[in-house]
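[1] structure for this input, please:
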Amino acid sequence: MYDCVVRGLPKSNNLVEGWRRAFSTRVSIKHPTVTKLAKCIIRERTKFEMDIERIRVGQEPQPEKKIDAALDSRLKQIVASYNF
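    The predicted structure follows:
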């Protein structure tokens, strides 16, 4: 956990869970057919590729929520002052 904070890496898999929930909502049914699921996956892939291209051309990713940024900042301050 210490290394994740120092490197600025995620400290949990909440981002993955958020994506899974959003993808599940976009699929919109519990047991989709293979065709419907494939179309949703292709749409998701296209969205992902567009996000990557935006980053490549220098467009900033969506900013963090203010509360998350504040918590991360406080955690980094605590870790910076920690002496082992």
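[2] number of residues surrounding the closest residue to Tyr2 other than its chain neighbours?
    Distances taken as C-beta to C-beta, 6 or more residues apart in numbering place Val79 nearest to Tyr2, at 6.5 Å, with adjacent residues excluded. No exception for glycine: its C-beta is placed from N, CA and C like everyone else's. Residues near Val79, counting by other C-beta atoms under 10 Å, number 14.
[3] what do you get for Asp72?
    Residues near Asp72, counting by other C-beta under 10 Å, number 14.
[4] nearest the middle, which residue of this structure would you pick?
    Central residue of the chain (C-alpha atoms, centre = their mean): Leu15, 3.9 Å from the mean position.
[5] which element is that one on?
    Using DSSP states H and E, Leu15 sits within helix 14-27.
[6] and the residue nearest to Tyr2, which of the three is it?
    Taking DSSP: H, G, I helix; E, B strand; the rest coil as the rule, one finds Val79 in the helix state.
[7] doesn't Val5 make contact with it?
    Yes: using C-beta atoms under 8 Å, Val79 is in contact with Val5, at 4.7 Å.
[8] so which elements touch the longest helix seen in the chain?
    The longest helix of the chain (DSSP state H) is helix 34-56. Contacts defined by 3 or more C-beta pairs under 8 Å, 6 or more residues apart in numbering; DSSP states H and E place helix 34-56 against helix 14-27.
[9] pull out the buried positions in the helix it packs on.
    Going by neighbour count (16 or more other C-beta atoms under 10 Å), the buried part of helix 14-27 is Val27.
[10] avg pLDDT for it?
    Per-residue pLDDT over helix 14-27 has a mean of 82.
[11] packing partners of the helix or strand bottoming out on mean pLDDT in the chain?
    Scoring the helices and strands of the chain by mean pLDDT, DSSP states H and E places helix 2-7 at the bottom, with a mean of 80. Packing contacts for helix 2-7, counted by 3+ C-beta pairs under 8 Å, 6+ apart, involve helix 66-81.
[12] pLDDT of the helix it packs on, averaged?
    Here the average pLDDT along helix 66-81 is 85.
[13] what residues does the helix holding Leu15 touch?
    Helix 14-27 has contacts (C-beta atoms under 8 Å, 6 or more residues apart in numbering) with Lys36, Leu37, Cys40, Arg43, Glu44.
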